[in-house]
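Participant: Fold the following, please.
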Amino acid sequence: MDYQLNDIEARVLGALIEKEITTPEYYPLSLNALVNACNQKSNREPVMNLDEDAVRGALRSLSDQFMARSAGGDSRVAKYEHRVNELFNFHRHEIAVLCVLLLRGPQTLGELRARTERLYAFEDLDSVHSAINLLMKREPPLVAVLPRQPGTKESRYMHLLSGSLADSAASTTGTAQREHYTAATPQRESDSARSARITSLESEVAALRQELADLREQFAAFRKQFQ
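Facilitator: Coordinates of the predicted model:
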């Protein structure tokens, strides 16, 4: 079976896979939790601003393709889960690679190793390449290597759940798909916004380090009272 996930469906599927592995206590996900997972500003590329209708539509399409479903349970709130393991019987290292490709697009082996750390601990680049090869040898293939870009030393790999290399190129250059998703178009952070976010994070880290240092000093002083 050839899969043709659009960008939103790929994001929804990747978010479901990621949260099952990283936060199993909160999985399956409610619609609200899934929207938040799709719109995360970290570990996502591009950053998206999807609403509930867009995510609900993607879930319907994924359900039609047997890749997601509504999860049964006693909760009054509807929850959702993926079904990729039922379809493909993945090994942990395979699904970790595929998940990150769904969430962040084409990547090098080094990027995949770094970005799958929370999902699966690869020992080295060879082990990442081994997982890639397994995905490439499936029928139909689920991953392909992209032509190396001029001036780059490393090849990048992409998932094929959104179609072949030719399909991917067409969707990138075509206007029809972009117009179709105007209401929920993925938005990249501007350089200024990214810089501001990084500065804010650095300030928070510095404040936390100072707080930790103060606590250590207080604890040391406390211990001296009993020596």
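Participant: where does the most centrally placed residue in the chain land in three-state SS?
Facilitator: Centroid-nearest residue in the chain: Leu103, 3.0 Å away (criterion: C-alpha atoms, centre = their mean). Counting by DSSP: H, G, I helix; E, B strand; the rest coil, the backbone at Leu103 sits in helix.
Participant: Model confidence for Arg209, exactly?
Facilitator: Among the per-residue scores, Arg209 holds a pLDDT of 76.
Participant: mind checking the end-to-end distance for stretch 60-77?
Facilitator: Stretch 60-77 has an end-to-end distance of 17 Å (criterion: C-alpha to C-alpha, to the nearest Å).
Participant: Name the residues that touch it?
Facilitator: Stretch 60-77 has contacts (C-beta atoms under 8 Å, 6 or more residues apart in numbering) with 3, 5-6, 9, 12-13, 16, 28, 30-31, 59, 78-84, 86-87. Yep, even glycine has a C-beta here, placed from its N, CA and C like the rest.
Participant: Show the model's pLDDT score for Ala221.
Facilitator: Reported pLDDT for Ala221: 74.
Participant: ok but it is inside a helix, no?
Facilitator: Yes - judged by three-state DSSP, Ala221 forms part of a helix.
Participant: And for it, the neighbour number?
Facilitator: In terms of burial, Ala221 registers 9 neighbours under the definition other C-beta atoms under 10 Å.
Participant: Gln210 versus that one, what's the distance?
Facilitator: Separation of Ala221 from Gln210 (C-beta to C-beta, to the nearest Å) stands at 17 Å.
Participant: Using CSV, write down the CA coordinates of stretch 3-18.
Facilitator: In CSV, the C-alpha atoms belonging to stretch 3-18 read as follows (Å, rounded to 0.1, in the frame of the first residue of the first chain):
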residue,chain,number,x,y,z
TYR,A,3,0.7,6.1,1.7
GLN,A,4,0.1,9.8,0.9
LEU,A,5,0.0,11.7,4.2
ASN,A,6,-0.1,15.4,3.9
ASP,A,7,2.0,17.6,6.3
ILE,A,8,-0.7,17.8,9.0
GLU,A,9,-1.4,14.1,8.9
ALA,A,10,2.4,13.4,9.2
ARG,A,11,2.6,15.8,12.1
VAL,A,12,-0.4,14.2,13.9
LEU,A,13,1.0,10.7,13.4
GLY,A,14,4.5,11.7,14.6
ALA,A,15,3.1,13.4,17.7
LEU,A,16,1.1,10.3,18.6
ILE,A,17,4.1,8.1,18.2
GLU,A,18,6.4,10.4,20.2
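Participant: contact partners of the helix or strand encompassing Glu94?
Facilitator: Following DSSP states H and E, the helix or strand that holds Glu94 is helix 92-104. With contact meaning C-beta under 8 Å, 6+ apart, helix 92-104 is reached by 10-11, 13-15, 17-18, 21, 43-45, 84-85, 88, 90, 107, 111-112, 115-116, 119-120, 122, 127-128, 130-132, 134-135, 142-143, 157-159, 161.
Participant: ok, now stretch 121-140?
Facilitator: If you take C-beta under 8 Å, 6+ apart as the criterion, stretch 121-140 is touched by 1-2, 88, 91, 93-94, 96-98, 109-110, 112-113, 116, 141-145, 157, 159-160.
Participant: what does stretch 144-157 give?
Facilitator: Contact partners of stretch 144-157, identified using C-beta under 8 Å, 6+ apart, comprise 101, 106-110, 112, 132, 136, 143, 158, 160, 164-165.
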